[in-house]
Every structure is written in C-alpha cells, then in structure tokens.
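J.: Kindly generate the corresponding structure for this input.
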Amino acid sequence: MDKLDTLTLFVRIVERGSFSAAAADLGFSRPVAT
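T.: Residues are numbered from 1 along each chain as shown. Okay, the predicted model is just below:
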C-alpha cells in the first residue's frame, strides 16, 4: 500500500468511524486496514 492509499484509508476510517466499514468501502481486507 502506498502513501496515497494509506491517507485515503485514514480519511475513510475517520469518516465511517470504523476500520471494518472503511475497508469494505475501499475494497481492502480488514487486516490490511488495521
């Protein structure tokens, strides 16, 4: 995962309020998001 993906994931986690929801939105597995 590059820096842009990491920042996108971080923003989505804040917006959605959970790692699982953010991972699902972006098509990542939950372990990748954590």
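J.: contact partners of the lowest-mean-pLDDT helix or strand in the chain?
T.: One helix or strand of the chain scores below all others by mean pLDDT, DSSP states H and E: helix 30-33, with a mean of 88. With CB atoms under 8 Å, 6 or more residues apart in numbering as the test, helix 30-33 has contacts from Met1, Leu9, Ile13, Phe19, Ser20, Ala22, Ala23, Leu26. C-betas here are computed from N, CA, C, even on glycine.
J.: Check which residues of it are buried.
T.: Ala33 (16 or more other CB atoms under 10 Å).
J.: Export that helix to PDB, keeping only CA atoms.
T.: Output of helix 30-33 as PDB, limited to C-alpha atoms (Å, rounded to 0.1, in the frame of the first residue of the first chain):
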ATOM      1  CA  ARG A  30      -9.900  -5.800   7.300                       C
ATOM      2  CA  PRO A  31      -6.400  -6.900   8.300                       C
ATOM      3  CA  VAL A  32      -4.900  -4.500   5.700                       C
ATOM      4  CA  ALA A  33      -6.900  -1.700   7.200                       C
END
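J.: Could you identify the longest helix within the chain?
T.: When the chain is parsed with DSSP state H, its longest helix is helix 3-16.
J.: elements contacting that helix?
T.: helix 19-26 (3 or more CB pairs under 8 Å, 6 or more residues apart in numbering; DSSP states H and E).
J.: List the contacts of stretch 14-28.
T.: With contact meaning CB under 8 Å, 6+ apart, stretch 14-28 is reached by Thr8, Leu9, Arg12, Ile13, Ser29, Arg30, Val32, Ala33, Thr34.
J.: what's the closest non-adjacent residue to the third one?
T.: Excluding its sequence neighbours, the residue lying closest to Arg12 (CB to CB, 6 or more residues apart in numbering) is Ala22, at 4.0 Å.
J.: One more: the last one?
T.: Closest residue to Thr34 apart from its sequence neighbours, by CB to CB, 6+ apart: Phe19 at 5.3 Å.
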